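> Got a predicted structure here, sequence first:
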Amino acid sequence: QVQLVESGGGLVEAGDSLRISCAASGRSFTTYTIGWFRQAPGKEREFVAATRWSSRNTQYADSVKGRFTISRDNAKNTVYLQMNSLKPGDTAVYYCAASREFLSTTPDAYDDWGPGTQVTVSS
């Protein structure tokens, strides 16, 4: 099992930038995919971005492509999501999750989840 904890969420204005973090611990996760998902009130959880822990492969949702960047710091066991040009529609609870599958965009493919961090973008 992989333990995940998100941090760095907050309240920002439209057009601002924010970086959220996902600290991982537990069993060896070097062969895992780490993904970011988000869930707004009344909506289903949706895929945002994913990266393989041991390679430079990444995947992004069309809605964030060109604005969000996923990266990782292996020495700190942390995955980041840099969010630029934020919009009110980006408001959601953001979750990181771990999967054995390659860059899956489906929540069901992820076995371990963090508790989430709230990101609110005001207009």
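That came through, no problem.
> The chain: strands as residue ranges?
For the chain, applying DSSP state E gives strands covering 2-7, 10-13, 18-26, 33-39, 46-52, 58-60, 68-73, 78-83, 92-99, 112-113, 117-122.
> Out of these, flag the one nearest residue 105.
Residue 105 lies closest to strand 46-52 among the strands of the chain, at 4.1 Å (CB to CB). Every residue, glycine included, has its C-beta placed from N, CA and C.
> Show me the contact partners of the closest one.
With contact meaning CB atoms under 8 Å, 6 or more residues apart in numbering, strand 46-52 is reached by 32-39, 57-61, 64, 68-72, 79, 81, 94, 99, 102-107.
> what are the pairing partners of it, and which direction each?
strand 33-39 (antiparallel), strand 58-60 (antiparallel) (DSSP bridges).
> Identify the residue spatially nearest to residue 25, adjacent ones excluded.
What sits nearest to residue 25 in space, not counting adjacent residues and going by CB to CB, 6 or more residues apart in numbering, is residue 3, at 4.8 Å.
> now the end-to-end length of stretch 100-112.
Taking CA to CA, to the nearest Å as the measure, stretch 100-112 stretches 10 Å from start to finish.
> pLDDT of it, averaged?
Mean pLDDT, computed over stretch 100-112, is 95.
> Please point out which parts of it sit buried.
Residues 103, 104, 105, 107, 109, 110, 112 are the ones in stretch 100-112 that count as buried (16 or more other CB atoms under 10 Å).
> Pull the residues that contact that stretch.
By CB under 8 Å, 6+ apart, stretch 100-112 touches 1-4, 26, 31-33, 35, 37, 45, 47, 50-52, 57-59, 61, 97-99.
> you'd agree the residue nearest to residue 25 is up against residue 29?
No: with contact defined as CB atoms under 8 Å, residue 3 does not reach residue 29; the gap is 9.7 Å.
> tell me the mean pLDDT for stretch 31-43?
On average, stretch 31-43 scores 95.
> Which of the contacts of stretch 100-112 are buried? Put it as a ChimeraX command.
Selecting only the buried entries of the contacts of stretch 100-112 in ChimeraX, with 16+ other CB under 10 Å as the criterion:
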select :2,4,32,33,35,37,45,47,50,51,52,59,61,97,98,99
